[in-house]
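Student: Mind looking at a prediction? Sequence and model below.
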Amino acid sequence: MELSGRRVAVLVENYYQELEVWYPILRLREAGAEVTAVGSEAGAIYKSKLGYPVKAAAAVEDVSADDFDAVVAPGGWAPDYMRRKQAFADLIAQAVSGGKPVGAICHGVWLLCSANVLRGRRATCFHSIKDDVIHAGADYVDEQVVVDGPLVTSRIPDDLPAFCRALIAAVAARPAASGR
């Protein structure tokens, strides 16, 4: 499998968008990656906007970008809660500074704003946070998926097939993380 031996963190918090957490988790697992749900608290159950649960296997303050080959930030209302905890932004900033792929879809791009990793890059997002992305220094484009360096961004759940293809390709193109 193309991602065998790779570890990916999918960030979780209450009110996440169901497809934007579960589609990448399942698609990445299907490609052979070990996927870890990372939330504010290890063992906590986080519910989606519709109540669908996901259990965090690790707390964001207990992990490092060195533990993973990539990080995924889903959308929904969860990113608004995640960005209130500096450890989420720090994890993303560490991953980007290490050249590791960071995927963000929909409102998940808010975390890239908070991590201060958008300046001088092209990115897309859900249209209602377009101004936030521009003010964070990105060149906003309205495309299904945008890859700029380690960043892979998309707009909406309909973009998930293209988003996951681009994310998997970005993870597969790099050597596996060695900090485990």
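Tutor: Cool, the structure landed.
Student: C-alpha only now, for contacts and for neighbours.
Tutor: Fine.
Student: contact partners of the host helix or strand of residue 72?
Tutor: Assessed by DSSP states H and E, residue 72 sits inside strand 70-73. Applying CA atoms under 8 Å, 6 or more residues apart in numbering, the contact partners of strand 70-73 are 7-12, 79, 92, 95, 100-105, 108-109, 111, 171.
Student: Please state the offset of whichever helix or strand comes after it from the chain centre?
Tutor: Downstream of strand 70-73, the first helix or strand assigned by DSSP H and E is helix 78-82. Helix 78-82 sits 12 Å away from the centroid of its parent chain (CA atoms, centre = their mean, to the nearest Å).
Student: Now helix 78-82: buried residues?
Tutor: For helix 78-82, a neighbour-count test (16 or more other CA atoms under 10 Å) marks 78-82 as buried.
Student: Let me see the mean pLDDT of that helix.
Tutor: Average pLDDT, helix 78-82: 97.
Student: got it, and stretch 50-60?
Tutor: The pLDDT scores in stretch 50-60 average 97.
Student: ok, back up a step: tell me the strands beside the strand holding residue 72, with direction?
Tutor: Here strand 70-73 is paired, per DSSP bridges, with strand 7-11 (parallel), strand 102-105 (parallel).
Student: Quick check: which of those has the most neighbours on average?
Tutor: Sort the strands paired with strand 70-73 by mean neighbour count, taking mean count of other CA atoms under 10 Å, and strand 102-105 sits at the top with a mean of 29.
Student: To residue 57, which of the strands paired with strand 70-73 lies closest?
Tutor: The closest of the strands paired with strand 70-73 to residue 57 is strand 7-11. By CA to CA, the value is 9.9 Å.
Student: Please save the CA atoms from the closest one in CSV.
Tutor: Output of strand 7-11 as CSV, limited to C-alpha atoms (Å, rounded to 0.1, in the frame of the first residue of the first chain):
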residue,chain,number,x,y,z
ARG,A,7,1.3,8.0,10.4
VAL,A,8,-1.2,10.8,10.0
ALA,A,9,-2.9,12.9,12.7
VAL,A,10,-6.5,14.0,12.1
LEU,A,11,-7.5,16.8,14.4
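Student: residue boundaries of the helices in this structure?
Tutor: Using DSSP state H, the helices found in the chain span residues 18-30, 78-82, 86-97, 109-114, 130-135, 160-172.
Student: so which of the strands paired with strand 70-73 gets nearest residue 63?
Tutor: strand 7-11 (9.4 Å).
Student: Compute the mean per-residue pLDDT across that closest one, please.
Tutor: On average, strand 7-11 scores 98.
Student: Can you spell out which residues form a bridge with the spatially most central residue of the chain?
Tutor: A centroid search over the chain (CA atoms, centre = their mean) returns residue 72, at 1.9 Å, as the residue closest to the centre. With DSSP bridges applied, residue 72 shows beta-bridge pairing to residue 10, residue 103.
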